[in-house]
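Novice: Kindly return the folded structure for what I paste below:
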Amino acid sequence: MNYKDFMTKNILKYLLGIFTLFTISNCAAQSGIRLGLKGGIGIPDLKASGDNPVSSGWSSTLGPYIGAVAEIQLNDRLYLQGELNYASQGGKKNGVQAIATSELSAYITPGQELPPYIYANFKSEVKINYVELPILVKINFSVEKSFSFFVNGGIYAGYLLTAKNVTGGSSNVYLDEKLTQPLTPAAISFDHSTEIKDNIKKFNFGLQGGIGISYDLPNKNRLLLTGGGNYGLIHLQKNEDNGKNNTGAATITLSYLIHF
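Specialist: Next comes the predicted model:
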């Protein structure tokens, strides 16, 4: 395990400990606490770092963003919010794409010398799913008796659940990005679903924030509509030949919290 993975793993344990400690202590003191569920969509994208051609060209996709929420009131405006979410990350491409030469070893003659990257025209979608634990500070601004406006922000740690690359289409493979120097004598199929979990780092760590409105029900339960986003600070790939990308997603969620 490298240093970044080691640190992320320990940060995740630390955040879990903080979340548990605050929950237990506040429940014991009978402070204001709300627990509930959230559901919505994530609009993830893979943010490129460096000049590796595999990293570039990704666009946004859609996926579920659901989880559990704990909201602890610290004073009239300040809250501590902990979440445990199932979060979709990833991105998609359509068109000419770079491929690390090592990824097409089955089509390469042994001993044949090739450049680090070769090219083909096909569709690709990377689907990566995490369990994420954000710890956020929320500031609430009352608008009128039942409605409030809020902003929140903090950090999160994530653990990789699944990762696959779904590709489609057929194309010759070329030595150059302009597709003028064919490597294969005919088109090959790219209709595959490939597990890439072993190529992705297990732990992630990043920043999360959002804005929204809340509505207090007569029984002190609460509805929250939140628009936000998150950004992972750790490069996903174990092997830099496959690029350097960070996770990032815009999110829209609706939460229902029960007062205890």
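Novice: Excluding covalently adjacent residues, which one is nearest to Lys127?
Specialist: Residue nearest to Lys127 in three dimensions, not counting chain neighbours: Gly90, with 4.9 Å by CB to CB, 6 or more residues apart in numbering. Backbone N, C-alpha and C define where each C-beta goes, glycine included.
Novice: so where's the stretch 101-250 of the chain uncertain?
Specialist: For the stretch 101-250 of the chain, applying pLDDT under 70 flags the ranges 103-109.
Novice: thinking again about what came up before, where does the residue nearest to Lys127 land in three-state SS?
Specialist: strand (DSSP: H, G, I helix; E, B strand; the rest coil).
Novice: same thing with Asp198?
Specialist: helix.
Novice: so how many other residues sit close to it?
Specialist: If you count neighbours by other CB atoms under 10 Å, Asp198 ends up with 8.
Novice: picking that back up, can you give me the neighbour number for the residue nearest to Lys127?
Specialist: 26.
Novice: thought it was touching Pro44?
Specialist: Yes - the criterion here is CB atoms under 8 Å, and Gly90 meets it with Pro44 at 5.3 Å.
Novice: partner strands of the helix or strand harbouring Lys38, parallel or antiparallel?
Specialist: Using DSSP states H and E, Lys38 sits in strand 33-48. Applying DSSP bridges to the sheet, strand 33-48 is found paired with strand 63-73 (antiparallel), strand 245-259 (antiparallel).
Novice: buried ones in it?
Specialist: 33-36, 38, 40-48 (16 or more other CB atoms under 10 Å).
Novice: do stretch 219-227 as well
Specialist: 222, 224, 226.
Novice: Just list the residues touching the most centrally placed residue in the chain, thanks.
Specialist: The geometric centre of the chain, computed from its C-alpha atoms, lies nearest to Gln89 (CA atoms, centre = their mean), at 3.7 Å. The neighbours of Gln89, taking CB atoms under 8 Å, 6 or more residues apart in numbering as the test, are 42, 44, 46, 63, 128-130, 232, 247-249.
Novice: which among the residues you listed gets closest to Glu177?
Specialist: Nearest to Glu177 among the contacts of Gln89, counting by CB to CB, is Leu46 at 19.4 Å.
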